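Enquirer: Here you go, sequence then predicted model.
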Amino acid sequence: MMYMMIVPRRNYDLFDDFFDDPFFTKADKHPMPMMKTDIREGENNYIIDVDLPGFDKENIKIDVEDGYLNINASMNTKDDQEEKGKFIRRERYSGECSRSFYVGEDVEAEDIKASFKNGILSLEIPKVDPKKELPEKKYIEIGE
């Protein structure tokens, strides 16, 4: 009995693979991960740490709307002066990024404490008991 192994064929081109390396491609082809986030639960609060290296505190906006904590950060690395020389590679980020987290309808903006140090935005969000009572569950009777 003879067995045949089927292996997908790959068109291998060393030249194309070499120039597909991130060194030779545009930054948008291999996007840099932004706003990496850690969330920890404490006894009475949640702590959110967001990496924002290179951002200025003045360019970070935080708000709470409809139960969502919204974080927006912007950066502009382009100089106001005329740029001299042609860029061979440009990796520094310029633009905006944002993240949203559901924190609940009962969390107010004034309840959240924020700090920004060494490129890390730290938010302390208190655990809040829902102010609204859940409606009593009513069952539908099944007829014959």
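Expert: Done, it's in. Numbering: from 1, shown residues only.

Enquirer: Contacts only, for the closest residue to Glu108 other than its chain neighbours.
Expert: Of all residues not flanking Glu108 in the chain, Val64 sits nearest, at 6.7 Å (Cβ to Cβ, 6 or more residues apart in numbering). (Glycine included, C-beta is placed from N, CA and C.) When contacts are counted by Cβ atoms under 8 Å, 6 or more residues apart in numbering, Val64 touches Asn70, Val103, Val107, Glu108, Ala109, Ile112.

Enquirer: And Val64, how far from Gly42?
Expert: Distance of Val64 to Gly42, given as Cβ to Cβ, to the nearest Å: 19 Å.

Enquirer: And for Ala109?
Expert: Separation of Ala109 from Gly42 (Cβ to Cβ): 20 Å.

Enquirer: Same check on Val107?
Expert: From Val107 to Gly42 the distance is 15 Å (Cβ to Cβ).
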